[in-house]
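[1] okay, sequence plus prediction incoming.
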There are 2 protein chains.
Amino acid sequence: MQRKSRKDPVAKPGAYHHGDLVTTLLAATTALIEERGVEGLSLREVSKRAGVSPGAPFRHFSTKKALLTAVAEQAMDRLSDALTSAQTKLKSADPAAIYEAIGVGYLDWALSNPTHFQIISSRTIIDFDASSKLVDQNAAIRDRMVDLLLQAQQLGQLPPAVDLNLVILSSRAFTYGLARMAIDGHLSGWHPRETPTKAMRGALRLFMTQLFVPHSR
Amino acid sequence: MQRKSRKDPVAKPGAYHHGDLVTTLLAATTALIEERGVEGLSLREVSKRAGVSPGAPFRHFSTKKALLTAVAEQAMDRLSDALTSAQTKLKSADPAAIYEAIGVGYLDWALSNPTHFQIISSRTIIDFDASSKLVDQNAAIRDRMVDLLLQAQQLGQLPPAVDLNLVILSSRAFTYGLARMAIDGHLSGWHPRETPTKAMRGALRLFMTQLFVPHSR
DNA sequence: CGGCATGTGTAATCGCTGATTACATTTGAC
DNA sequence: GTCAAATGTAATCAGCGATTACACATGCCG
């Protein structure tokens, strides 16, 4: 019965009951999964941290998966920003260089935001296909990569006979694999005595030099 | 109270109470995760399928994670077998060819046994480091790859200045990335109109030709 | 100003889960 | 044949996601 004091609203004054529960919930969720991982996340803990009852989140997210999908959308935004930032920070119009810079940016972001990376990559803990934002933004990233490859091809930076679809898939598999290895904890076993970032950048560099015009011819 | 008929033991006769609960549990677990995925697996369902009470599994596996780790050990055995089989089936002593064959075998196995692959790759749903079998067998696979690369290097099949540790890491990241993309459902988005197996083999082939001696020099 | 539909949070509850405990039964070694 | 150890059962616990009925605040209508 007994409700908590109505006289001093804890959160933003002059707002709804709570203030802005949606924002608070997303923040609380992000914080909790960064503390204890996605597996151990419970809606009740999120509610407690947000200072509301366990049933409150369901007013805004019909299911736990929906909440996590919303978090994934935020994460995808940040990833997109990180990639464009990596591209613009590199002041160059060389497609191959940009291609690599984006790869490095992708890996850096994944390592800096492991749980977010894990969430947007998963198709079981979120409802990826139900979010047009996630789908579209993912496709947009791919389109950017294809565009860069086309430019590189026109500049003769790629072997002429190469299948662009295979190159795209290879690049994606490579970066995705590196990121997942790091996040899944496989890296130390497969590249001893080297910091993850250095190992990953080295591998990426090797991949790029192998992929793009082999010195001459 | 009332127990089930003792007069006709369902399982193997002339054995313990149940027969061999451990084996039965492992089989039931494998079957259930193949039907409904790892996320939705519950010990109670496993128990029900095995025909025992919900508490019974805890006599043999102190925790759910322990049970799944045991399943992972079985899976790792099968993966190792698949890799050696892929190697022996290819009647060739060419290190580069063997290297690729193992890669193909790895991808084939992952696609044929997605949930098993998922389990042995995870460090959250199983206790990988607690199982010396998993750790050792994983290291053994890596050692085999290193050995092949050393042979290839001696035969001049690799660029002489290349860092072998980076090559190993790259190869692993590449195959792991491909397998995970397929299993995580990313493949269709990154290589439209192509069956997963064909796309993955094509990408792997591209990777190998780029990695090993570029035609000449 | 007063009433009231709507939006928002609470409380209680459901069925399920992993895990623990006390107890019953079977087994095999002595 | 006896008995400690091994194995399975039953009952129970706390915690989970989700649903429902209810309490309250808000802002719009007149």
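    Arrived safely. Numbers count the residues shown, from 1 in each chain, chains lettered A, B, ... in the order given.

[2] and the one helix or strand residue A:198 maps to, how far out from the chain middle?
    Here residue A:198, judged by DSSP states H and E, is contained in helix A:196-211. Helix A:196-211 sits 20 Å away from the centroid of its parent chain (Cα atoms, centre = their mean, to the nearest Å).

[3] mind listing what's buried in it?
    Residues of helix A:196-211 classed as buried: A:196, A:199-204, A:206-211 (neighbour count, 16 or more other Cβ atoms under 10 Å in any protein chain shown). The way it works is simple: take the backbone N, C-alpha and C, and place the C-beta from them, glycine included.

[4] quick one: that helix to helix B:196-211, angle?
    In terms of direction (axes from the mean of the first three to the mean of the last three Cα atoms, to 10 degrees), helix A:196-211 departs from helix B:196-211 by 80 degrees.

[5] got the contact list for residue A:181?
    Residue A:181 sits next to A:187, A:190, B:172, B:173, B:176 when contact means Cβ atoms under 8 Å, 6 or more residues apart in numbering or on different chains.

[6] quick one: contacts for the second one?
    Same thing as residue A:190. Taking Cβ under 8 Å, 6+ apart, one finds A:181, B:142, B:168, B:169, B:172, B:173 in contact with residue A:190.

[7] do you know how far it is from residue B:142?
    6 Å (Cβ to Cβ, to the nearest Å).

[8] what is in contact with those two at once?
    The contact sets of residue A:190 and residue B:142 overlap at B:168, B:172 (Cβ under 8 Å, 6+ apart).

[9] helices or strands up against the host helix or strand of residue A:68?
    Secondary structure from DSSP H and E places residue A:68 in helix A:64-89. Other helices and strands packing on helix A:64-89, by 3 or more Cβ pairs under 8 Å, 6 or more residues apart in numbering or on different chains; DSSP states H and E, are helix A:21-36, helix A:43-50, helix A:95-112, helix A:114-121, helix A:132-154.

[10] go through those and pick out the most buried.
    helix A:114-121 (a mean of 22; mean count of other Cβ atoms under 10 Å in any protein chain shown).

[11] is it positioned near chain B?
    Yes - applying Cβ under 8 Å from any Cβ of the partner chain, one finds helix A:114-121 in contact with chain B at residue A:121.

[12] that helix near DNA strand D at all?
    No - on the criterion Cβ under 7 Å from any atom of the strand, helix A:114-121 is out of touch with DNA strand D, staying 14.6 Å away.

[13] with just CA atoms, put that helix into PDB.
    This file holds the C-alpha atoms of helix A:114-121, laid out as PDB (Å, rounded to 0.1, in the frame of the first residue of the first chain):
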ATOM      1  CA  PRO A 114      31.900  -5.000 -25.700                       C
ATOM      2  CA  THR A 115      28.400  -5.500 -24.400                       C
ATOM      3  CA  HIS A 116      26.800  -3.100 -26.800                       C
ATOM      4  CA  PHE A 117      28.600  -4.800 -29.600                       C
ATOM      5  CA  GLN A 118      27.400  -8.100 -28.300                       C
ATOM      6  CA  ILE A 119      23.800  -6.900 -28.200                       C
ATOM      7  CA  ILE A 120      23.600  -5.500 -31.700                       C
ATOM      8  CA  SER A 121      25.300  -8.600 -33.100                       C
END
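
[14] helices or strands up against that helix?
    Taking 3+ Cβ pairs under 8 Å, 6+ apart as the contact cut, helix A:114-121 packs with helix A:21-36, helix A:64-89, helix A:164-184.

[15] quick one: which of the ones you listed is nearest DNA strand C?
    Closest of the helices and strands packed on helix A:114-121 to DNA strand C is helix A:21-36, at 3.9 Å (criterion: Cβ to the nearest atom of the strand).

[16] can you dump the C-alpha atoms of stretch A:22-34 in CSV for me?
    Extracted C-alpha coordinates of stretch A:22-34, given in CSV (Å, rounded to 0.1, in the frame of the first residue of the first chain):
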residue,chain,number,x,y,z
VAL,A,22,12.0,5.5,-20.7
THR,A,23,15.3,7.3,-20.7
THR,A,24,16.0,6.3,-17.2
LEU,A,25,15.3,2.7,-18.0
LEU,A,26,17.6,2.6,-21.0
ALA,A,27,20.4,4.2,-19.0
ALA,A,28,19.9,1.8,-16.1
THR,A,29,19.8,-1.2,-18.5
THR,A,30,23.0,0.0,-20.2
ALA,A,31,24.7,0.5,-16.9
LEU,A,32,23.7,-2.9,-15.5
ILE,A,33,24.7,-4.9,-18.6
GLU,A,34,28.1,-3.2,-18.5
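
[17] say whether chain B is contacted by that stretch.
    No - against chain B, stretch A:22-34 shows no contacts by Cβ under 8 Å from any Cβ, the least distance being 12.2 Å.

[18] low-confidence stretches in chain A?
    Scanning chain A for pLDDT under 70 picks out the ranges A:1-17, A:214-217.

[19] nearest the geometric middle of chain A, what residue?
    Residue closest to the average C-alpha location in chain A (Cα atoms, centre = their mean): residue A:117, at 3.8 Å.

[20] neighbours of the residue in chain A that chain B sits nearest to, how many?
    Per Cβ to the nearest Cβ, residue A:177 is where chain A lies closest to chain B, at 2.2 Å. Residue A:177 has 25 neighbours, counted by other Cβ atoms under 10 Å in any protein chain shown.

[21] try the one 10 residues further on
    Neighbours of residue A:187 under the rule other Cβ under 10 Å: 22.

[22] isn't it right up against residue A:199?
    Yes - the pair residue A:187 / residue A:199 is scored as a contact, 6.5 Å apart, by Cβ atoms under 8 Å.

[23] got the contact list for the residue nearest to residue A:152 when sequence neighbours are not counted?
    Excluding the flanking residues, the one nearest residue A:152 by Cβ to Cβ, 6 or more residues apart in numbering or on different chains is residue A:95, at 4.0 Å. By Cβ under 8 Å, 6+ apart, the contact list for residue A:95 reads A:148, A:149, A:151, A:152, A:155, A:157.

[24] if anything else comes up later, I'll come back, but that's it for now.
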